[in-house]
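Q: dropping a prediction and its sequence here:
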Amino acid sequence: YPIATPRSILDVLALAGGLTTVADRNILIERHGDPGMQVRYFYSNDANQAVDQQVLVNPGDVVLVSKAGIVYVLGDVNHPGGYSMTNNDSKITMLEALAIAGGATNTAKQGQARLIRKEPGGSYSDRRISIGDLQEGKIPDIAMQPGDVLYVPFSFGRNLAVLGAGSIAGAAASAAIYALP
């Protein structure tokens, strides 16, 4: 969007229709005539802070708004999926991600959750985490990074306890019978 005079970053973003729901709030402005000169602006959810800290965009500058990172919460949670890191500071902790995913189900094996992270160089780290210990504050909450996967496994033992003997017997009665060769 061309501008003829210097405008505030909020004006320029408004010209473009604002940020999308998956936009990163860390915005980069490359100054015209000096690509090495870059200005960073954080677009806060707090309106006063967003206005107080805004910068000017000059004619010819380029405003770059990247997609926010995505973290994945998978396994035995109420709403498994990928979640955009678009909260106020573009960061998310394991407990926040778990809460966004609706929490672990009653049949989750909370003591065996795993944080899987791609490390520099392409290898993956796999760290076991107890969700119960996180929730009780026994271990510090961990900041997730874009691409991280929080996996909460299914507990067969808890599933049997939740289902109860009557449900299991009913399922067995309706199961198909296969003849072995």
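A: Structure's in. What do you need? Numbering: from 1, shown residues only.
Q: how about the strand ranked longest in the chain: buried residues?
A: Ranked by residue count, the top strand of the chain under DSSP state E comes out as strand 23-30. Within strand 23-30, the residues scored as buried using 16 or more other C-beta atoms under 10 Å are 23-25, 27, 29-30. Bear in mind the C-beta positions are built from the backbone N, C-alpha and C, glycine included.
Q: from residue 83, how far off is the spatially closest residue to residue 43 that is not a sequence neighbour?
A: Leaving aside its sequence neighbours, residue 43 sits nearest to residue 25 (C-beta to C-beta, 6 or more residues apart in numbering; 4.5 Å). Here residue 25 is placed at a distance of 15 Å from residue 83 (C-beta to C-beta, to the nearest Å).
Q: repeat for residue 52
A: Look at residue 52 and residue 83: by C-beta to C-beta, they are 29 Å apart.
Q: now residue 118
A: Residue 118 is 17 Å from residue 83, by C-beta to C-beta.
Q: more neighbours: those two, which one.
A: Between residue 118 and residue 83, residue 83 has the larger neighbour count (other C-beta atoms under 10 Å), namely 20 against 14.
Q: what about the more buried one, distance to residue 51?
A: 28 Å.
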